[in-house]
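In: can you look at this prediction? I've put the sequence above it.
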Amino acid sequence: MANGVQVRGKSIRIYFRYNGEMCWEPVKGPATAERIAHYERLVASINYEIDTGSFDYARHFPKSAALEQNRFGFYLDLWLGIKRNEVAASSYRGYVSRVENHIRPKWANELIEDIDHLSLQAWVQDELMPKLHNKTIKDIVSYVGQVFRLYRTRNRSAHDPVEGIHIRQPDPDEPDPFTREEIRAILQTPSERQQEVNLAQFMLWSGPRISEAIALAWEDVDLKSGEVTFRRARVRSQYKVTKTRRSKRRIKLLRPALEALQRQYKLTGELPAVEIGVTDRDNRSVRKQRVRFVFHNEASGRAYSTADNYRNGWWNAHLEKAQVRHRGPNQCRHTFASQMLSSGKVTVDWVADQLGHTSTQMVWRHYGKWINEDGPDMAKLVEAALGL
């Protein structure tokens, strides 16, 4: 082994000590006497630069595996840093969970140029498919693709190994609203927790997302005019503005929803205000608000911190007691929409406004299904209209 040069069969490696560590770098080409002499001179030059403090590892070996900036993990961290500033803290935690549990252990230490389509496809098929839902896998593959797109901003000729990987999704779950008979059972089954019953009645007959309902404050309610304004939501234990700008809406309440609020005011309407921070749409700005929350968890005496508290702490057991087939409280929103559409008396535009949807197409796609138990007999209506 010549000074600083190691011949291995027909190939050459050079070595030198840098920052207390022995560094080994393979070089391309045959192990001829001329090439060995050339790399001995190169090592001598590198050692001189190290001694004088002018050595630049990346200049000599830009594609070296020793450089973190050539590893997938380097760009993965850059991408996470960008996402931290782009999305809400609750969403960012979801990104980090998928990265740390699935992406980083597999790919962080790999040279990014060595990751190809076939290796990613094998990872998806052999490691992700057996244990994760398709939607989760699709998210993970999307994240990997975004990292490669970031890498290509510096290396424009780099390939995108995610291209061509398709994760098929099952058909989305159809809305499964409650029938009028089930609504009566839910609201008329006795319960010691009147606030939870009031919340159920309010959601069934006004159609908010449960995250919006548990974040509703008396400052958003006008009992005299029978109107409420949805302006915030409680998502993963954080208050934030509504899902979209259209979701911030003022609606006129139907009588059952208004009656639920009137009963609720006697329970929480005079409680003192509390200060909260509401994350704005840029996911960075936090505005302080002093509010009196409408609905409280009767078991704890405090406002609901998550929808899970409502579902697991009261809803599931109450549905069982009412002998109503189990569905989550999010079906209250579907129920409101389907009841309105099945009445045959309201327009799709009105339903879209009540729900805060951005288009009527979304209403038809999600809720435009007649409920046989409640919907009008359209044939008889047509016969009457035409005098048949």
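Out: Looks like it arrived, so ask away. Residues are numbered from 1 along each chain as shown.

In: got phi/psi on Arg154?
Out: phi -100, psi -30 (degrees, to the nearest 10).

In: so what's it scoring on pLDDT?
Out: Arg154 is assigned 79 on the pLDDT scale.

In: counting neighbours, what do you get for it?
Out: The number of residues packed near Arg154 is 10, by other C-beta atoms under 10 Å. In this view, the C-beta of every residue, glycine as well, is placed from N, C-alpha and C.

In: ok, Pro170 next?
Out: Pro170, neighbours per other C-beta under 10 Å, totals 8.

In: list the pairing partners of the helix or strand hosting Lys240 within its sheet, with orientation.
Out: Using DSSP states H and E, Lys240 maps to strand 238-241. Note on strand 238-241: by DSSP bridges, its sheet partners are strand 232-235 (antiparallel), strand 274-279 (parallel).

In: so for it, mean pLDDT?
Out: For strand 238-241, the mean per-residue pLDDT is 90.

In: ok, and the closest non-adjacent residue to Val43?
Out: Gly4 (3.0 Å; C-beta to C-beta, 6 or more residues apart in numbering).

In: now do the one you found against Arg232, distance only.
Out: 66 Å (C-beta to C-beta, to the nearest Å).

In: flag the shaky bits of the stretch 201-350 of the chain, pLDDT-wise.
Out: 344 (pLDDT under 70).

In: strands of that one, start to end?
Out: 221-222, 227-230, 232-235, 238-241, 249-252, 274-279, 286-291, 296-297, 302-303 (DSSP state E, counting those that start in this stretch).

In: most tightly surrounded among these?
Out: Scoring the strands of the stretch 201-350 of the chain by mean neighbour count under mean count of other C-beta atoms under 10 Å gives strand 232-235 as the most buried, with a mean of 23.

In: let's see that strand as CSV, backbone CA atoms only.
Out: Extracted in CSV, the C-alpha atoms of strand 232-235 (Å, rounded to 0.1, in the frame of the first residue of the first chain):
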residue,chain,number,x,y,z
ARG,A,232,-62.7,28.9,14.7
ALA,A,233,-62.1,25.2,15.2
ARG,A,234,-60.5,23.0,17.8
VAL,A,235,-58.1,20.6,15.9
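
In: so how far is that strand from its chain's centroid?
Out: 14 Å (C-alpha atoms, centre = their mean, to the nearest Å).

In: buried ones in stretch 98-118?
Out: Arg98, Val99, His102, Ile103, Arg104, Lys106, Trp107, Ala108, Ile112, Ile115 (16 or more other C-beta atoms under 10 Å).

In: Gln238 touches Asn283, doesn't it?
Out: No - with contact defined as C-beta atoms under 8 Å, Gln238 does not count as touching Asn283 (10.4 Å).

In: list residues touching both of the two?
Out: Common neighbours of Gln238 and Asn283 (criterion: C-beta atoms under 8 Å, 6 or more residues apart in numbering): Ala88, Ala89.

In: grab the most central residue of this protein for me.
Out: The structure's the chain has its C-alpha centroid closest to Ser91; by C-alpha atoms, centre = their mean the separation is 4.9 Å.

In: for the nearest residue to it once chain neighbours are set aside, give me its contacts.
Out: Spatially, and ignoring its direct neighbours in sequence, Ser91 is nearest to Asn283 (7.8 Å; C-beta to C-beta, 6+ apart). Contact analysis of Asn283 by C-beta under 8 Å, 6+ apart lists Asn85, Glu86, Val87, Ala88, Ala89, Ser91.

In: thinking again about what came up before, save the strands of the stretch 201-350 of the chain as TSV, and put in distance to Gly313 too.
Out: As requested, the strands of the stretch 201-350 of the chain are exported to TSV (distance: least, C-beta to C-beta, whole Å):
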stretch	distance to Gly313
strand 221-222	24
strand 227-230	23
strand 232-235	15
strand 238-241	19
strand 249-252	27
strand 274-279	20
strand 286-291	22
strand 296-297	7
strand 302-303	12
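
In: mind checking how far Tyr151 is from Asn70?
Out: Tyr151 is 10 Å from Asn70, by C-beta to C-beta.

In: between the two, what contacts are shared?
Out: Joint contacts of Tyr151 and Asn70 (C-beta under 8 Å, 6+ apart) are Ile112.

In: contacting residues for Arg17?
Out: Arg17 makes contact with Cys23, Ile50, according to C-beta under 8 Å, 6+ apart.

In: now the helix or strand hosting it - C-alpha only, CSV.
Out: Arg17 is part of strand 11-18, with elements assigned from DSSP H and E. What follows is strand 11-18, C-alpha atoms only, in CSV (Å, rounded to 0.1, in the frame of the first residue of the first chain):
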residue,chain,number,x,y,z
SER,A,11,-9.3,-0.4,-8.3
ILE,A,12,-7.8,2.3,-6.2
ARG,A,13,-8.8,4.0,-2.9
ILE,A,14,-7.0,7.0,-1.4
TYR,A,15,-7.0,7.6,2.4
PHE,A,16,-6.0,10.5,4.7
ARG,A,17,-6.8,11.6,8.2
TYR,A,18,-9.2,14.5,8.6
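
In: hang on, Asn330 packs against Arg209?
Out: Yes - when contacts are counted by C-beta under 8 Å, Asn330 is listed as touching Arg209 (7.4 Å).

In: between the two, who's got more neighbours?
Out: Legend: neighbour count by other C-beta under 10 Å for Asn330 and Arg209, higher for Arg209 (22 against 16).

In: residues touching the more buried one, list them.
Out: Ala233, Lys243, Ser247, Asn330, Arg333.

In: at 7 Å what do you get?
Out: Counting by C-beta atoms under 7 Å, 6 or more residues apart in numbering, Arg209 touches Ala233, Arg333.

In: just the one 3 residues further on next, same as before
Out: Taking C-beta under 7 Å, 6+ apart as the definition of contact, the neighbours of Glu212 are Phe230, Ala233, Thr242.

In: quick revisit: please, which helix or strand holds the residue nearest to the centre of the chain?
Out: helix 89-98.

In: would you map out the domains in the chain?
Out: With domains defined by automatic domain parsing, the chain comprises 5-66, 69-152, 192-323.

In: pick the most deeply packed of those.
Out: domain 192-323 (a mean of 18).
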